[in-house]
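Colleague: Need coordinates for the below:
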Amino acid sequence: MKKYIIRFVSLVVFSATMAQNKEIAPEDLNGMRAIGSPANPKVRMSWDRYHDYAQITKFCNDLAKAYPNLVSVSSIGKSFEGRDIWALTITDTKTGKEKEKPAFYIDGGIHANELQGVEVSMYTAWYLAESFQTIPFINRLLKDKVFYILPTISPDSREHFIYKPNNSNTSRSGMRPFDNDGDGLVNEDLLDDLDGDGNIVMMRRKSKTGRWKIDPKYPSRMIMLRGDEMGDYEMLGYEGIDNDGDGLVNEDGEGTYDPNRDWAWNWQPDYVQRGALFYPGTLPETRAVKDFVVNHPNIAGAQSYHNYGGMFLRGPGAAEDEGLFSREDVAAYDVIGKLGERMIPGYNYFVLYKDLYTVYGGEIDFLCLTRGIFTFSNELMTSYKLFNQKAATGRWDNDEFNEFDKYLLFGDGYVEWKPFKHPQFGDIEIGGPKKNYIRNHPGFMLQEDAHRNMAFTLYHAYQTPKLEIVDIKTEQLSGDITAVTATIMNTRVIPTHSTFDVNNKIERPNAITLKGANVIAGMTVENEDLNLFTEQQFQPASIQVPTIRGMGNIKVRWIVKGNPTGATVEVNSAKGGVVTSKVSN
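Modeller: Modelled structure (predicted):
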């Protein structure tokens, strides 16, 4: 018996050692791992809920502690109320310097009521770290790329939305106070939670002249009547009272500006673009993000998460900027966006200004036009996902959310109508959708859509530039003069520089350098068969290349004196990374 125990222990130790030495971890043995999901995560998270700031902070620190070779956490600045804006940097630190890899930027929660953008951002960070040893694709991705993930860039208003009375549309703003109604007072007529349940719902009052009635199929729903049909109720707006006696209800709440109108591209003042403040970058949150992006020129792709509508949006935000997107760049967007429509049923690939509405001073244009970053903004959640079919009526007319609530949520999505004695309106009733329903996913749907949107984003990140030196050849010209020709290919669809970037010299050109050789001339090869070259007269050892197209290649040639064997060809691209290869005989 003793020898069998020894053999068993030896086998266990051997197996454990082999597992530790393998780069890709073995399958979990406790039951069966569900395909595509981490089997035994070090950081355990529930993705069927919405997390507050303390939980987000703990998650970031826990992930960095659990995976020190993959994840680091830092604060990029403070919000208006003094909260840290956390940034997660995720990459395989053993395979190169962070800023020498193509980078992908992700943020969520710029609008506080759009809760799930923060969850998708966190889920992406979690999945990358937890899957690094299990899924070869993730393993390779983190060796090649670096991810900068900012889970919430409006932390103040997220806390306010979660813990203070709100409806599904409040607040898109931050918490900087303003005199919204121009009466010299600030925040004096806030939302009033009449029944103290944390939800700001609707007020209705019975009226002989009312134009509304109760939907007989779904009593929580009010139907506006048309034609000559008589109604039973008038609608009095969102739950609240006239706190300052000016005859208006809820007219001076927190913020009410839009942090997604605070960016430095095609910015317009509030009388043109509702929600804009005094100048681009008024807010400390947007300034912190801007500074972070500018200080990370390796960011080649970006993703911002919003809601609602089920869309993959690309720029421009305004029609006058359409000509700034070249056919080549649009083709790269098309590859990613059209695949996204297959990856997430019910979502559509759209152009922001054309298919949604015009946005001046938006983050999407700041990223793609001031920084040359290929950017998507996803509008999460759509009624299609309720029953996996397209609604026959518009967003405000269909009853799918009421039907879904009845059969799948068992009434949890709505506050039932109840009587209330209002100080101004008298006998009224209050009820309607809860603040985190309609815009935001029900819990059991959240993880699936988080995973699908993450997969879309990872595909986008995969298609950021990947440069390879595919060939180096030498040719003896005469005496001790040799030509060295290198072919560099970009094996992804996104170029190293967008056309707008090249035309406006936003980012430095790619540098292809021959090191360790006596270079006397350097040139770009325009057509090798026809011997067409463009010589670079100054600093010929380092040839400057404006861009390397997606799925394209470029050839460069140096004329060197002496034997170039052992010299190094280095490609250094801000958004394409750094790659090297030796010259051989």
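Colleague: if I look at Tyr437, how far off is Ala574?
Modeller: 44 Å (CB to CB, to the nearest Å). C-beta coordinates here come from the backbone N, C-alpha and C atoms, glycine included.
Colleague: Pick out whichever of these two has more residues nearby.
Modeller: Comparing Tyr437 with Ala574 by neighbour count (other CB atoms under 10 Å), the higher total belongs to Ala574, at 26 against 20.
Colleague: Run through the residues that contact Asp232.
Modeller: Going by CB atoms under 8 Å, 6 or more residues apart in numbering, Asp232 touches 206-207, 210, 212-214.
Colleague: mind listing what the biggest strand by length in the chain pairs with, with the direction of each?
Modeller: For the chain, the longest strand by residue count, based on DSSP state E, is strand 467-478. Strand pairing for strand 467-478, using DSSP bridges, gives strand 481-490 (antiparallel).
Colleague: Now do the helices in the chain.
Modeller: 2-21, 53-66, 116-131, 136-144, 155-163, 284-294, 327-343, 363-365, 384-387, 400-404, 443-462, 499-504 (DSSP state H).
Colleague: mind putting these in TSV, mean neighbour count included?
Modeller: Shown next, in TSV, are the helices of the chain (neighbours: other CB atoms under 10 Å):
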stretch	mean neighbour count
helix 2-21	9
helix 53-66	18
helix 116-131	26
helix 136-144	16
helix 155-163	23
helix 284-294	20
helix 327-343	16
helix 363-365	26
helix 384-387	18
helix 400-404	18
helix 443-462	20
helix 499-504	17
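Colleague: Can you lay out the ones you listed as JSON lines showing distance to Arg221 and mean pLDDT?
Modeller: Output for the helices of the chain, formatted as JSON lines (distance: least, CB to CB, whole Å; pLDDT from 0 to 100):
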{"stretch": "helix 2-21", "distance to Arg221": "56", "mean pLDDT": "40"}
{"stretch": "helix 53-66", "distance to Arg221": "33", "mean pLDDT": "98"}
{"stretch": "helix 116-131", "distance to Arg221": "24", "mean pLDDT": "98"}
{"stretch": "helix 136-144", "distance to Arg221": "44", "mean pLDDT": "98"}
{"stretch": "helix 155-163", "distance to Arg221": "24", "mean pLDDT": "95"}
{"stretch": "helix 284-294", "distance to Arg221": "37", "mean pLDDT": "98"}
{"stretch": "helix 327-343", "distance to Arg221": "31", "mean pLDDT": "98"}
{"stretch": "helix 363-365", "distance to Arg221": "34", "mean pLDDT": "98"}
{"stretch": "helix 384-387", "distance to Arg221": "15", "mean pLDDT": "94"}
{"stretch": "helix 400-404", "distance to Arg221": "5", "mean pLDDT": "93"}
{"stretch": "helix 443-462", "distance to Arg221": "21", "mean pLDDT": "98"}
{"stretch": "helix 499-504", "distance to Arg221": "47", "mean pLDDT": "98"}
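Colleague: will you turn the ones you listed into a markdown table that also has distance to Gly301?
Modeller: Converted to a markdown table, those look like this (distance: least, CB to CB, whole Å):
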| stretch | distance to Gly301 |
| --- | --- |
| helix 2-21 | 34 |
| helix 53-66 | 22 |
| helix 116-131 | 13 |
| helix 136-144 | 12 |
| helix 155-163 | 24 |
| helix 284-294 | 12 |
| helix 327-343 | 9 |
| helix 363-365 | 12 |
| helix 384-387 | 25 |
| helix 400-404 | 34 |
| helix 443-462 | 5 |
| helix 499-504 | 13 |
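Colleague: quick one, which of the ones you listed is nearest to Gln424?
Modeller: Across these, Gln424 has its closest neighbour in helix 155-163 (25.5 Å, CB to CB).
Colleague: Just name the closest of the contacts of Asp232 to Val560, please.
Modeller: When the contacts of Asp232 are compared for distance to Val560 (CB to CB), Trp212 wins out at 83.2 Å.
Colleague: need the contact list for Ala300.
Modeller: 102-104, 373-374, 464-465, 494, 496, 575-576.
Colleague: so how far is Arg492 from it?
Modeller: Distance, Ala300 to Arg492, using CB to CB: 9 Å.
Colleague: can you check Ser121 too?
Modeller: From Ser121 to Arg492 the distance is 23 Å (CB to CB).
Colleague: Could you do Asp291 as well?
Modeller: 28 Å.
Colleague: one step back: and the contacts of Asp232, which two are furthest apart?
Modeller: Ser207 and Ile214 (13.3 Å).
Colleague: Quick check: neighbours shared by the two?
Modeller: With CB under 8 Å, 6+ apart, Ser207 and Ile214 have common neighbours 232-233.
Colleague: Now tell me which helix or strand of this protein has the poorest mean pLDDT.
Modeller: helix 2-21 (a mean of 40; mean pLDDT, DSSP states H and E).
Colleague: Return the distance of Asn307 relative to His111.
Modeller: 8 Å.
Colleague: For these two, work out which one has more neighbours and name it.
Modeller: The neighbour comparison of Asn307 against His111 (other CB under 10 Å) goes to His111, with 25 against 22.
Colleague: residue contacts, Asn348?
Modeller: Listed by CB under 8 Å, 6+ apart, the contact partners of Asn348 are 310-312, 341, 355.
Colleague: Identify the bridge partners of it.
Modeller: Met311.
Colleague: Leu458 touches Leu141, doesn't it?
Modeller: Yes. Look at Leu458 against Leu141 with CB atoms under 8 Å: they come within range, at 6.8 Å.
Colleague: Since that was my last question, I'll sign off now.
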